[in-house]
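Peer 1: Next one to model:
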Amino acid sequence: MACVTDEQRWAYLAEGNARQARKRVAADVVVRDTAGRVLLVDPTYKEHWDLPGGMAEANEPPRAAAERELREELGLVTTVGRVLVVDWDGPHGPWDDQLVFVFDGGVLDPVRAAALRVADHELAGFEFVPSTGLQDRLRADMVDRATRALDALRTGVTHYGEHRRGEEDWSHG
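Peer 2: Numbering: from 1, shown residues only. This next block holds a predicted model:
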């Protein structure tokens with residue numbers, strides 16, 4: 001049996017790694033105020049409002065991406081809590097599929113909520129919205145995701161879902 005050198009083994013593994021699928025990763029956060037309202041942001045590059053958060057950078061953990069996005073977009077320095085939702089979004093338009101993590105951003109007291117500011121050109125504004133008003137601002141799939149995240153906060157159970165764009169049905173696990 002031939003001996004394989006460390007260099008050969010690493011080259012083989014690197015080749016396999018280069019051929020494997022890459023997934024986009026998004027990290028969103030559910031932040032509430034003391035009245036229980038949910039923080040939404042108004043992105044300049046989208047038609048609808050959204051949960052705060054964004055795309056993870058190369059080799060960035062989802063939790064770190066969520067915290068970075070809050071800091072960059074709203075000036076909010078915080079440590080996010082547990083994962084509330086993990087969703088797989090299928091390919092759509094020019095985009096490949098992605099994994100979406102939604103984290104618990106906790107409750108902001110009135111002083112911290114008042115200190116929020118638009119700190120990035122990607123946002124036109126933000127607002128705390130009652131959970132009953134989410135459907136007025138968010139796309140239907142985001143209303144579903146945010147509602148499941150709020151349910152996860154109440155029940156302690158993380159939600160998993162799969163969504164193929166163009167289909168109305170979500171699969172929930």
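
Peer 1: Quick one: classify residue 112 as helix, strand or coil.
Peer 2: Using DSSP: H, G, I helix; E, B strand; the rest coil, the structure places residue 112 in helix.

Peer 1: Name the nearest residue to it, ignoring sequence neighbours.
Peer 2: Nearest residue to residue 112, sequence neighbours excluded (Cβ to Cβ, 6 or more residues apart in numbering): residue 76, at 7.6 Å. Glycine gets a C-beta too; all of them are placed from N, C-alpha and C.

Peer 1: Per-residue pLDDT of that neighbour, please?
Peer 2: In this model, residue 76 is scored at 97, pLDDT.

Peer 1: what does residue 173 give?
Peer 2: 53.

Peer 1: quick one: buried residues of stretch 155-164?
Peer 2: Across stretch 155-164, burial judged by 16 or more other Cβ atoms under 10 Å covers 159, 161, 163.

Peer 1: Can you give me the first-to-last residue distance of that stretch?
Peer 2: With Cα to Cα, to the nearest Å as the measure, stretch 155-164 spans 26 Å from end to end.

Peer 1: Name the residues that touch that stretch?
Peer 2: 82-90, 141, 144-145, 148-149, 151-152, 170-173 (Cβ atoms under 8 Å, 6 or more residues apart in numbering).

Peer 1: Just the buried residues of the residues you listed.
Peer 2: 83-85, 87, 89, 141, 144-145, 148-149, 152, 170.

Peer 1: returning to what we had before: strands - which of the buried residues of stretch 155-164 land there?
Peer 2: In strands, judged by DSSP state E, the following of those are found: 159, 161, 163.

Peer 1: out of those residues, which one sits closest to residue 48?
Peer 2: Closest approach between those and residue 48, by Cβ to Cβ: residue 163, at 15.5 Å.

Peer 1: Against residue 141, how distant is the closest one?
Peer 2: Per Cβ to Cβ, to the nearest Å, residue 163 is found 6 Å from residue 141.
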